[in-house]
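# The following block contains a protein sequence and its predicted model.
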Amino acid sequence: MKNFLNISDVPAQVLREILEEAKIRKLKRKDLNKSASDSDQPFAGKSMIMIFEKPSTRTRISFDIAAKQLGGSSIILNPDVIHYGKGDESIKDTAKVLSEYADIIMMRTSLHKNLAEFAKYSDIPVINGLSEQSHPCQIMSDILTFEEIKGDIKDKTITWLGDGDNNMSNSFIEASAKFGFKLNIGCPDKYKPNKNIIAWAKKNKANITITKNPNEAVKNADCVMTDKWVSMNDRVDKKKKKQILKSYQVNKKIMKLAKSDAIFMHCLPVARGEEATDEIVDGKQSVVWIQALNRVHAQKSIINWCLK
């Protein structure tokens, strides 16, 4: 049984195999309508339970479509319809019960420790749909998108601007070691990457540069990425945090410092006018809508790998 909880947990060769399968699956769907199943239907007769502790648009819809395109089905559970999370049924018991009902579980949680505990007691594979610590499915979609447009990500330069200590930056740090790209992180001292993640990255020979200077971080980048400065359930002074991160906004001026053919990525939802301007999100360099679509294709391959 295989779980997909963090990029760091999966060997580089396996991550590459998952990515290549996603490319093939997307290519084979070129002439199919959006509701049609993949020709091989590897998930036929199987079901996925999706647990959402947090609101979701892309994760909910893309996983549901992924299951259907693979030939299977999905069941969506929110905290208000199950005992889990209310204190009257343990994570262990919930994991054991749900393992009897489905073939795989996707979990979107506020606490990574809950995800880890759930996976520990589950008898079926568990996929991390998002936690406060990591967002591995999104990163696989992002790399799929990059390579679709720019070719092999190995030795390319990716720039991350803004909060260097969130789930997306954590997973990108892990991915830089696994896929061999250079990662520049432009962030203020207050929002530097987690020390444990950086220690892991150094041990695994990741090529990472951290700087307070956003201009320096973006220079000659092949891709510029950012994320919402204030995420759901962030217990921070939102106004103060936004003020600290103001100079890390992705705008026309900052994008001019990247390579002329650089692309802009954002996992969405985007706070327009904060971490990125309208002209960037809607501009020619933006690939955010392709990113959103590629969640489906990346996640299909992740589901397939977990069940092999």
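Structure's in. What do you need? Numbers count the residues shown, from 1 in each chain.

# For Trp229, what are phi and psi?
When read as degrees, to the nearest 10, the backbone of Trp229 gives phi -70, psi -30.

# can I see the domain layout of the chain?
Per automatic domain parsing, the structural domains of the chain span 7-135+295-307, 138-291.

# could you redo those domains as JSON lines and give each row mean pLDDT and distance to Met1?
All C-beta spots, glycine's among them, are computed from the backbone N, C-alpha and C. JSON lines is the format used below for the domains of the chain (pLDDT from 0 to 100; distance: least, C-beta to C-beta, whole Å):
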{"stretch": "domain 7-135+295-307", "mean pLDDT": "95", "distance to Met1": "6"}
{"stretch": "domain 138-291", "mean pLDDT": "97", "distance to Met1": "20"}
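
# With mean neighbour count as added columns, please give these in CSV.
Shown next, in CSV, are the domains of the chain (neighbours: other C-beta atoms under 10 Å):
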stretch, mean neighbour count
domain 7-135+295-307, 18
domain 138-291, 19
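
# Checking the residue of the chain most remote from its centre next. Helix, strand or coil?
Taking C-alpha atoms, centre = their mean, the residue of the chain most remote from its mean C-alpha position is Asp88, at 31.0 Å. Secondary structure for Asp88, judged by DSSP: H, G, I helix; E, B strand; the rest coil, is coil.

# can you tell me how far it sits from Pro79?
Noted for Asp88: a distance of 12 Å to Pro79, by C-beta to C-beta, to the nearest Å.

# now the helices: where do they sit in the stretch 151-300 of the chain?
167-179, 195-203, 214-218, 238-244, 252-255, 278-281, 288-307 (DSSP state H, counting those that start in this stretch).

# Can you list the helices and strands that the fifth one packs against?
In this structure, helix 252-255 packs against helix 214-218, helix 278-281, with contacts taken as 3 or more C-beta pairs under 8 Å, 6 or more residues apart in numbering; DSSP states H and E.

# Show me where this protein has its strands.
47-52, 73-77, 104-108, 126-130, 157-161, 182-186, 207-211, 223-226, 263-266 (DSSP state E).

# Make CSV from these and add distance to Ala95 to it.
Listed next are those as CSV, based on distance: least, C-beta to C-beta, whole Å:
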stretch, distance to Ala95
strand 47-52, 10
strand 73-77, 13
strand 104-108, 8
strand 126-130, 8
strand 157-161, 33
strand 182-186, 34
strand 207-211, 35
strand 223-226, 33
strand 263-266, 33
